[in-house]
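what's the 3D shape of this:
(chains A and B)
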There are 2 protein chains.
Amino acid sequence: MRTLVASLFLLSVTLAAQTIESPGRKLSLTFALTADGTPTYALSFGKRAVILPSTLGMELKNAPAFRSGFTVVKAETSTTDRSWEPVLGEVKSVRDRYRELRVTLRESGERARTMTVTFRLYDEGLGFRYELPQQPHLGYFTVSDERTQFALTGDHAAFWIPGDFDTNEYEYKRSALSAVDATGGMSATEIATRTVIGKNYVQTPLMMKSADGLYINVFEAALVNYPAMCVAVDQQRFVLTSALAPDAVGNKAYLQTPAKTPWRTVLVSDKATDLLASKMILNLNEPSKLTDVSWIRPQKMLGVWWELHVGKTTWNYADTNNVQLTTTDWKALKPNGRHGATTARTKYYIDFAAKHGFDGVLVEGWNVGWEDWFGQWKEEVFDFVTPYPDYDVEFLSSYAAEKGVKLVMHHETSASVTNYERRLDSAFRFMKHYGYDAVKTGYVGRIIPRGEFHDGQWMVNHYVRVAEKAAQYRIMVDAHEPVRPTGLHRTYPNWLACEAARGNEFNAWSNGNAPEHETILSFTRLLGGPMDYTPGIFQITMDHYKPGSKEQVHTTLAKQLALYVTMYSPLHMAADLPENYERFPDAFQFIKDVAMDWDDSRYIEAEPGDYVTAARKAKGRTDEWFIGAMTDENARTSTEPLTFLDAKTKYVATLYADAENAHWQKNPMAYTVTKHLVTAKSVLKLKLAPGGGAAVSIRPATKEDERSLKMYK
Amino acid sequence: MRTLVASLFLLSVTLAAQTIESPGRKLSLTFALTADGTPTYALSFGKRAVILPSTLGMELKNAPAFRSGFTVVKAETSTTDRSWEPVLGEVKSVRDRYRELRVTLRESGERARTMTVTFRLYDEGLGFRYELPQQPHLGYFTVSDERTQFALTGDHAAFWIPGDFDTNEYEYKRSALSAVDATGGMSATEIATRTVIGKNYVQTPLMMKSADGLYINVFEAALVNYPAMCVAVDQQRFVLTSALAPDAVGNKAYLQTPAKTPWRTVLVSDKATDLLASKMILNLNEPSKLTDVSWIRPQKMLGVWWELHVGKTTWNYADTNNVQLTTTDWKALKPNGRHGATTARTKYYIDFAAKHGFDGVLVEGWNVGWEDWFGQWKEEVFDFVTPYPDYDVEFLSSYAAEKGVKLVMHHETSASVTNYERRLDSAFRFMKHYGYDAVKTGYVGRIIPRGEFHDGQWMVNHYVRVAEKAAQYRIMVDAHEPVRPTGLHRTYPNWLACEAARGNEFNAWSNGNAPEHETILSFTRLLGGPMDYTPGIFQITMDHYKPGSKEQVHTTLAKQLALYVTMYSPLHMAADLPENYERFPDAFQFIKDVAMDWDDSRYIEAEPGDYVTAARKAKGRTDEWFIGAMTDENARTSTEPLTFLDAKTKYVATLYADAENAHWQKNPMAYTVTKHLVTAKSVLKLKLAPGGGAAVSIRPATKEDERSLKMYK
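Numbering: from 1, shown residues only, chains lettered A, B, ... in the order given. This next block holds a predicted model:
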């Protein structure tokens, strides 16, 4: 890591307005106080305004607000240019280059308090946060609301989901800001637990595009010890105002000086790909808190999972709906005969995983309590250590070890988090005893402690506590239904991935995800961190399992392959059933080959809601690249110049593409696999079907390849 | 244990009214349905009505109430007469003799539900509870309110404290039911956390006396998985209605069939001593869940404790008010020089404890976090494993072991219970590592999970969880500021004692406890279980520590000794400082001698708010008896015929009495110690000063005693 602090100026205290430019002079940020001492900021992209002067501040409980009456005590600027290496990531080295402005504000009077606003200006965006230093008249305080505004320049096109304190699993809508109506979220019954805030509230990351072609994204980074931020949309003036998830008694955050809020962020560029390539969110997070990270590895896994979602098997062992952890005699229950997590079925997955070189096998429904786990707001719901009678954990853990495969633990909490916290140590000890290295956690349902929300301060702290304790046990974490990530995988690199958005599973049993869904995810959810989206579904239509069903995955098979590259994650499932992979061994080869950790990543083309194409260079392999291209409901030809390849090398490119007549709805499983020689001068033209995609693997050609294959054209 | 089920009748389903009599025919209970199918009950003492026909029922959330529309499906009666031996207790064997009526009620219609009301009628009182069996149309349900009524016969005199969901530490008031006004509780600022329900709400146990001389007590037993019960007083009709502590979202209890509520109880007799001697509350609790109880022992202990309350030393190590568990460098803090829990001071207590044969030394303030532990609603407040820099736990635990004394752990939680639960295992492991066998827990402050109350279902379950987990570690528990006990020390015999009422500590720093206080405790709080009241204060007046202070203990010194006998507990502190005990070695001898566990107990005389005298026979010793007598602000002569002594034995009685001119306020520390020979024919006449008391120890006389001492007269 190299650090360069170029300059540190102490500006005159009489200067109430400060302007800084980003290191490459793309963005400029102005801080100013209004006449009544209210702090404001404004952001421009070149000469184009992005954020008009917008007020900053917060309300406190039983104490005066931090909103006005300030003078500027100090304004310090500095420049930083450094780089760091992620444990797992999209690139080998991340450059962290920004100009910083720290404005220290003070109230007047005998009990005057001090607040610092720190701005970090990158070439692709702005981060700022409130810092409350330790001081005589501010120790403990309770935030009753935050009043951060983002005054936009117009009625931008927006990609949004309803503001909600409990879930991010909505379908994305696209509309002008003035047309946002989040009340539709109230009828999204396919989502287990919803707490819609109100008509004009939307979640961050909020992706927008201005009439003059700027891509703008409002979000946050390093969400720790604070509730998640939604925004209220002023639909006349186009001003966004922060809206924080409350706790059980309506407060937002309990803080103690020295305190700092998460970073509020605005990404902006006239090129959509700049936003996808940005590492600003990551850079605004703290460096890794773990010193030994040798045990953290990418996880490509299979799982007793999709078969549960398509209804082939069940999580629960019996069909009763009234069991109790401590008194039910599980061996005496009458099995329903359709339980998924049996010893035999898990052994089958282990064998398949071993044969095809997967790291792990996730098994859901292995532990007692699934008979009535949902919807009862039941505290003592799971114990995380007692297998069902038909799941021989002792045998399976030995068998998996013998086969060189890791079992992946599943801890569904049913959102009974007090129960999970008090059992966490014993649950992790159980894992280590049986050789598990990774856990998928789940938070489906209404939170216990009752009255708390998934996205409130208490739960935000919980997810971090789990990551921290897991690290103590050398356990990797994949959190489902948590608050959406904000780059904390930099700080806790064992926290590999989250769900925290509408995953592929919705395609199995609901109206599903629109063909444009994944192209929006890239510009929203994925900005915060890797997603366990569970791609790789080959059996696209659900009538395969449920005759007459109209449910289906809303992509082509080839697009399912593309997702492994377009959606960066060091943890990905090959989510379909082994039986289905055996039907399509040539397509399955891509999943077997694709890397999960990268030395380099290029976003070649992207438009939110329309298409994304990415190329990535595998880490730890010799000159292997993978390309993913995906489109929405419109067919498209994706053009990829392979200029990133070594100019002197010949490569083999294997193209996994939609067949000529493929179509996400009418003919989703038609694909072709072809091999070609390519060089850095080659330009791939990938034809994407409506709702389709393409995946490409590239490796240096052997002599045999050069003899047998033809040059791509 | 012998069990005798004398009869089991299945009565006709057409009989809607059922009457049973108690085994000794003292009480009779009538169950009846009203015309609209509302269940009611009534209770009589001989021919005198105690509870007029009163309705039973509960309201459910999002489901029809259990209030009316019932028919009687079944009414079963039975008689039980058995006995059992408590692990620690007032008597060697407890007789459990009652007549039971189980009335099974059913609704009509397609989704009819079933509820059973079980009544157990003892000669000294009634217990009844609701039972919801497992059934097709009732699985999970949420109690939004309970509608149990106790229709009294008149405007009884009552001893009450304000109905409150967070504390029981109020002074008792005595007034007619019609004159109850609980709003005074709102200004009881000496109590840290108060949540007064309203003007006409009082807590149970509620002690009353009727105009015709009946002593009536309304309470509950076996409070598990349900909130504590206060009662609303109808001040015109004298009907009490159950009022349950809510959770964070206003619900009362989350239950799952088969479910049962705690027992609702009415104790009644024309003799006040019958109520004190009653074991009905204990009998209504489940037998011990612990099989190995060999490690459970009475605890007589000293503690670095009273010196903290009188302001001689402090819990906190430094005088800052802003520390953080994970980031504060405790060694770098500037000590305030008055920290109590130092290595040297603790060693002094250990030496004193060893010299005088005490079991343990409690040390409060040993662990980091006390600088800002109170009033901040701070979650990460204590870690329970990090000693202050001046407390050498390693040395002290070895030193205590060498001296044959046990250190007693202190876990103040600051009511941050989520924090405590997630650290409980490590805290208990720390204790066992350092040889601690007992823990005093504390719950001062507003509960976290925020929105919960000390007396709600969630916290009720918490206290039980701590007792259960402690038992797994072979740890004994003394809970301060918990919900008031309801006999669960039978089920969890390692849960030795609770505070859960206004303890002696209020005498150190507030308006204190009126001289009648302890005589009311016997008829209220102590019915539920042992109290860690911390008697034994010899330095009665606080000006000793704080010149000019008017604060004082509101008893004579001799009454402090009496409390060890009148207030049964297997855990008692000798709460004063060793320095003070050294000033009064003759009085201190009683504390050294008095037993904590008993083969027999006799309540010789008692009147709530006026006086109590008890005699107890020590367990595990040869024929030793102890007597305690206490009075309120009025002087009194207590007469004790020693008929319980062996008729053929001569004994030595040591009388610790108020001096002639003693007075709780004017001359509290004047006492006499005299020795006499006594026999079963002796009748002690103990003169109790205003606010005074007397203690007597009795043991068989030696030859030398017979030569040197005179017969009492």
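
residues contacting the residue in the stretch 151-300 of chain A that chain B sits nearest to?
Using C-beta to the nearest C-beta, A:Ala248 is the residue of the stretch 151-300 of chain A that sits closest to chain B, at 3.6 Å. Glycine gets a C-beta too; all of them are placed from N, C-alpha and C. Shown here is A:Ala248, whose contacts under the criterion C-beta atoms under 8 Å, 6 or more residues apart in numbering or on different chains are A:Pro449, A:Arg450, A:Gly451, A:Glu452, B:Ala248, B:Val249, B:Pro449, B:Arg450, B:Gly451.

so which of the residues you listed comes closest to A:Gly37?
B:Arg450 (32.9 Å; C-beta to C-beta).

what's around the closest one, how many residues?
Counted by other C-beta atoms under 10 Å in any protein chain shown, the residues lying close to B:Arg450 total 23.

partners of the helix or strand hosting A:Asp96, with directions?
According to DSSP states H and E, A:Asp96 maps onto strand A:94-106. Applying DSSP bridges, strand A:94-106 is found paired with strand A:71-84 (antiparallel), strand A:114-122 (antiparallel).

how far off centre is that strand?
Centroid separation for strand A:94-106 versus its chain: 25 Å, with C-alpha atoms, centre = their mean, to the nearest Å.

go on, stretch A:184-200?
How far stretch A:184-200 lies from its chain's middle: 20 Å, per C-alpha atoms, centre = their mean.

what is the mean pLDDT for it?
Stretch A:184-200 shows a mean pLDDT of 94.

around chain B, pick out the residues from chain A.
A:134, A:139-140, A:142, A:247-249, A:251, A:254, A:256-257, A:321-322, A:324, A:372, A:376-379, A:418, A:421-422, A:424-426, A:449-452, A:458, A:461, A:465 (C-beta under 8 Å from any C-beta of the partner chain).

and the residue of the stretch 151-300 of chain A closest to chain B, helix, strand or coil?
Three-state call for A:Ala248 (DSSP: H, G, I helix; E, B strand; the rest coil): coil.

quick check: closest non-adjacent residue to it.
A:Gly451 (2.8 Å; C-beta to C-beta, 6 or more residues apart in numbering or on different chains).

kindly state the beta-bridge partners for A:Met301.
Counting by DSSP bridges, A:Met301 is bridged to A:Gly360, A:Met573.

the residue nearest to A:Ala248 and A:Leu105: what is the separation?
Separation of A:Gly451 from A:Leu105 (C-beta to C-beta, to the nearest Å): 34 Å.

now A:Ser398, what's its secondary structure?
What three-state DSSP gives for A:Ser398 is helix.

neighbours around it, how many?
13.

again, but for the one 3 residues further on
A:Ala401 is flanked by 14 other residues according to other C-beta under 10 Å.

next up, phi/psi of it, please.
Backbone torsions of A:Ala401, given as degrees, to the nearest 10, read phi -60, psi -40.

deepest of the strands paired with strand A:94-106, which one?
Across the strands paired with strand A:94-106, averaging neighbours per residue (mean count of other C-beta atoms under 10 Å in any protein chain shown) puts strand A:114-122 on top, at a mean of 22.

and the angle from the very next helix or strand once past that one to strand A:114-122?
Toward the C-terminus, strand A:114-122 is succeeded by strand A:125-132 as the next helix or strand (DSSP H and E). Strand A:125-132 runs at 160 degrees relative to strand A:114-122, counting by axes from the mean of the first three to the mean of the last three C-alpha atoms, to 10 degrees.

partner strands of strand A:125-132, parallel or antiparallel?
Strand A:125-132 has its sheet partners listed here by DSSP bridges as strand A:114-122 (antiparallel), strand A:259-260 (antiparallel), strand A:263-269 (antiparallel).

looking at chain A, which residue lies furthest from center?
Centroid-distance maximum for chain A: A:Glu110 at 45.9 Å, with C-alpha atoms, centre = their mean.

can you give me phi and psi for that residue?
The phi/psi pair for A:Glu110 (degrees, to the nearest 10) is phi -70, psi -30.

next, the buried residues of stretch A:122-137.
Of the residues in stretch A:122-137, A:Tyr122, A:Asp123, A:Glu124, A:Gly125, A:Leu126, A:Gly127, A:Phe128, A:Arg129, A:Tyr130, A:Glu131, A:Leu132 count as buried by neighbour count, 16 or more other C-beta atoms under 10 Å in any protein chain shown.

and those as CSV, adding pLDDT?
As requested, the buried residues of stretch A:122-137 are exported to CSV (pLDDT from 0 to 100):
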residue, pLDDT
A:Tyr122, 98
A:Asp123, 98
A:Glu124, 98
A:Gly125, 98
A:Leu126, 98
A:Gly127, 98
A:Phe128, 98
A:Arg129, 98
A:Tyr130, 98
A:Glu131, 98
A:Leu132, 98
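
so who does A:Thr153 touch?
A:Arg48, A:Ala49, A:Val50, A:Leu52, A:Ser210, A:Phe238.

count the neighbours of the fifth one for me.
A:Ser210 sits with 20 neighbouring residues when counted by other C-beta under 10 Å.

wait, it touches A:Phe238, no?
No: if you go by C-beta atoms under 8 Å, A:Ser210 and A:Phe238 don't touch, sitting 10.2 Å apart.

shared neighbours, those two?
A:Leu152, A:Thr153, A:Gly154, A:His156.

quick one: which of those has the most company?
The member of the shared contacts of A:Ser210 and A:Phe238 surrounded by the most neighbours (other C-beta under 10 Å) is A:Leu152, with 25 neighbours in all.

shouldn't that one be in contact with A:Val239?
Yes: counting by C-beta under 8 Å, A:Leu152 touches A:Val239, with 6.9 Å between them.

now A:Leu642: how far from chain B?
Relative to chain B, A:Leu642 is positioned 50 Å away (C-beta to the nearest C-beta, to the nearest Å).

ok, so what distance separates that residue from A:Val696?
Distance from A:Leu642 to A:Val696, by C-beta to C-beta: 9 Å.

neighbours of the closest residue in space to A:Gln552 that isn't next to it in sequence, how many?
The shortest distance from A:Gln552 to any residue other than its chain neighbours is 4.4 Å, reached at A:Thr541 (C-beta to C-beta, 6+ apart). If you count neighbours by other C-beta under 10 Å, A:Thr541 ends up with 15.

residues touching A:Thr541, list them.
With contact set as C-beta under 8 Å, 6+ apart, A:Thr541 has these partners: A:Ser549, A:Glu551, A:Gln552, A:Val553, A:Pro668, A:Met669.

the third one and chain B: what is the separation?
As defined by C-beta to the nearest C-beta, A:Gln552 lies at a distance of 35 Å from chain B.

counting neighbours, what do you get for that residue?
Around A:Gln552 there are 19 residues (other C-beta under 10 Å).

so it touches A:Asn507, yeah?
Yes: counting by C-beta under 8 Å, A:Asn507 is a contact partner of A:Gln552 at 6.7 Å.

which of the buried residues of stretch A:122-137 sit farthest apart?
Farthest pair in these (C-beta to C-beta) is A:Asp123 and A:Leu132. Separation: 29.1 Å.

could you show me where the strands are in the stretch 201-350 of chain A, in order?
In the stretch 201-350 of chain A, the strands defined using DSSP state E, counting those that start in this stretch lie at A:201-203, A:206-209, A:215-221, A:229-233, A:239-244, A:253-256, A:259-260, A:263-269, A:299-304.

how about these in CSV, adding mean neighbour count?
Formatted as CSV, the strands of the stretch 201-350 of chain A follow (neighbours: other C-beta atoms under 10 Å in any protein chain shown):
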stretch, mean neighbour count
strand A:201-203, 26
strand A:206-209, 24
strand A:215-221, 25
strand A:229-233, 24
strand A:239-244, 23
strand A:253-256, 22
strand A:259-260, 18
strand A:263-269, 25
strand A:299-304, 26
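
which among those is found nearest to A:Val87?
strand A:299-304 (13.1 Å).
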